[in-house]
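# Just the structure for this:
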Amino acid sequence: MNVDIQKRLAAVGLALAVPVVIFFEGTRQRAYLDPVQIPTICRGHTKGVKLGQTATLDQCDEMLLQDLLRADAEMKSCIRVPLNDNQRAAFASFTFNAGGGNFCGSTMARKLNAGDYAGACNELPRWVYAGGKVLPGLVKRRQAERDVCLGGGV
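You can find the predicted model right below:
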């Protein structure tokens, strides 16, 4: 990943989200359909993606930066308590993957706003469904997000 992008994400407390997202999303420079048939490119980017589209690695880095900043803003829009970098990274990764509406309307966000940080982190493994099916990749991702959230590594 581009060093400038890494520094920009670190400056806003999102550096810990990068390895989680990259590991679970991978990097694909040609657009593809994700498991629920959404056109996707790079590292899970979906906005405006068309099948057949391609991107450079620098474009993938910039998309990831913008996607994480957007997810962080969506997540922070409904959270009224302070977060440490681990919690912020885990919830931003989740929001990037599942969407701000899902995060803000969740038991996870309610527990977080009530000051139940561990309880909020422990909600992450419940979010393993896509298209009505449990996806093994989501099981692993949510466990990694939970581990980061509770202060562990990736």
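
# Give me the residue at the spatial middle of the protein.
Taking Cα atoms, centre = their mean, the centroid of the chain lies closest to Ser93, which sits 1.9 Å from it.

# Contacts only, for that residue.
17, 20-21, 71, 141, 145, 148 (Cβ atoms under 8 Å, 6 or more residues apart in numbering). The C-beta positions use only the backbone N, C-alpha and C, and glycine is treated the same way.

# which outside residues touch the helix or strand of the chain with the lowest mean pLDDT?
In the chain, the helix or strand scored least confidently by mean pLDDT, DSSP states H and E is helix 3-11, which has a mean of 90. In this structure, residues lying in contact with helix 3-11 by Cβ under 8 Å, 6+ apart are 15, 17-18, 61-62, 64-65, 68.

# Looks like Pro97 contacts Gly44 (just checking).
You called it Pro, but residue 97 is Asn. Yes. Contact criterion Cβ atoms under 8 Å: Asn97 and Gly44 qualify, at 6.9 Å.

# Overlap in contacts, these two.
Contacts common to Asn97 and Gly44, judged by Cβ under 8 Å, 6+ apart, are Val21.

# Thanks a lot, catch you later.
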